[in-house]
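Asks: Can you look at this prediction? I've put the sequence above it.
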Amino acid sequence: MLALVPKSMIPRVEEVSVDWGVLVFALGMSLLTGVISGLAPALQTLRVDVIRNLKEGAGKTGAEGARGRLRGALVVAEIALALTLAVGAWLLLRTFANLRGVDKGFDSRDTLTFYISPRGKSYDTVAKMNDLYRRALERLRSLPGVESAALTNRKFNTKSQRVKESKKSSGFFPANL
């Protein structure tokens, strides 16, 4: 579902992940709820004396009595839960929309962001990766027109450009470091 939403619309979308514990709990609770909801009417039908009910209540509907009250309570609970979930979803979407307008504390115009993912034996230790990042930062700072350069392990909320585009415009080639 996140693939359908533009990445610039949700702040810190790269930090979103599936919590497997919560997923297993939710699946277990849905199965338990389904089993209980299915067993309740089945257990009620086991206690019904069909012959007595036919003799006593030829004109009565099946929605009367304790069975009718249970059904009514379940309908009310279902509507309340659905309304609660709908309001919660609306509030969450409104919060995401409001977060887009929050001042980030810095001017992100004319900012180029990209990722470096070092792989292979050349970068198999922390020291080698730190050396790569140090050399990349020095090279970025020495490019004409660059006012400042920095490294981070978190992406701030800007419209990111691809490394391929930055290679064309700046002559910066991460692989040649």
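Replies: Structure's in. What do you need?
Asks: Find the helix or strand that G38 is a member of.
Replies: Element membership for G38 (DSSP states H and E) is helix 20-46.
Asks: And that helix, how far out from the chain middle?
Replies: Offset of helix 20-46 from its chain centre (C-alpha atoms, centre = their mean, to the nearest Å): 25 Å.
Asks: how about the CA coordinates for the helix or strand just after it, as PDB?
Replies: Counting by DSSP H and E, the next helix or strand C-terminal to helix 20-46 is helix 50-56. C-alpha atoms of helix 50-56 as PDB (Å, rounded to 0.1, in the frame of the first residue of the first chain):
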ATOM      1  CA  VAL A  50     -37.900 -27.000  18.600                       C
ATOM      2  CA  ILE A  51     -41.200 -28.800  19.300                       C
ATOM      3  CA  ARG A  52     -42.000 -26.600  22.400                       C
ATOM      4  CA  ASN A  53     -41.200 -23.500  20.400                       C
ATOM      5  CA  LEU A  54     -43.500 -24.500  17.600                       C
ATOM      6  CA  LYS A  55     -46.400 -25.200  20.000                       C
ATOM      7  CA  GLU A  56     -45.900 -22.000  22.100                       C
END
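Asks: For the residue of the chain most remote from its centre, list the residues it contacts.
Replies: No residue in the chain has its C-alpha farther from the mean C-alpha position than K55, which lies at 57.3 Å (C-alpha atoms, centre = their mean). Contacts for K55 (C-beta atoms under 8 Å, 6 or more residues apart in numbering) come out as none. The way it works is simple: take the backbone N, C-alpha and C, and place the C-beta from them, glycine included.
Asks: okay, the angle between the longest helix anywhere in the chain and helix 20-46?
Replies: Longest helix in the chain, counting residues (DSSP state H): helix 65-100. Angle between the axes of helix 65-100 and helix 20-46 is 160 degrees (criterion: axes from the mean of the first three to the mean of the last three C-alpha atoms, to 10 degrees).
Asks: any idea how far helix 65-100 is from the chain center?
Replies: Offset of helix 65-100 from its chain centre (C-alpha atoms, centre = their mean): 20 Å.
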